[in-house]
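K.L.:
Need a 3D model of the following:
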Amino acid sequence: MLEVLPIQSKTEQEAMCARCGMPFSADDMAYKAMIDGELMGVCQFTMNQTGGHIHTLGIVKDADILPKDRAEALFVMGRATLNFIDLCGVHTAYFDDKTFTDDAMVKAIGFKKNDEGRWWMDLTDFFLHPCQHDH
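P.N.:
Coordinates of the predicted model:
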């Protein structure tokens, strides 16, 4: 079963980021994706006056993960992060991970490029009808 949960300690976050081959950001909040109790991936993010910012999104590097599980973990983890950002009253989000190269996944999560070429999305009412959202 896939679960996306907040990472509760910075020590755990740092260790999980290392397993995903991503830099640890002590100032970021983070979610972990787990399948049947095994770590699949990590998403680090923050919020400020300009919006929510996903800084890193990635999958464990030292595990044999099926493509379907990889895609599901990334998608659900991305959407869970956006839902949390939206619930906090922040209705603009940016995908700022420059090392993440799966543009199709970024689009599937709901982002689109703005006029500056930056991944962006408006979260206003997104989670009322997420499957009908124009992205």
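
K.L.:
Looks to me like Lys32 is in a strand.
P.N.:
Yes: under DSSP: H, G, I helix; E, B strand; the rest coil, Lys32 falls within a strand.

K.L.:
separation between the residue nearest in space to the middle of the chain and Asp64?
P.N.:
In the chain, the residue lying closest to the centroid (Cα atoms, centre = their mean) is Gly78, at 3.2 Å. The gap separating Gly78 from Asp64 is 22 Å, by Cβ to Cβ, to the nearest Å. All C-beta spots, glycine's among them, are computed from the backbone N, C-alpha and C.

K.L.:
By mean pLDDT, which helix or strand of this structure comes out lowest?
P.N.:
helix 67-87 (a mean of 93; mean pLDDT, DSSP states H and E).

K.L.:
Against which helices or strands is that one packed?
P.N.:
With contacts taken as 3 or more Cβ pairs under 8 Å, 6 or more residues apart in numbering; DSSP states H and E, helix 67-87 sits against strand 2-6, strand 29-35, strand 38-48, strand 51-59, helix 103-109.

K.L.:
most distant residue from the middle of this structure?
P.N.:
Quick read of the chain (Cα atoms, centre = their mean): farthest out is Asp115, 22.3 Å.
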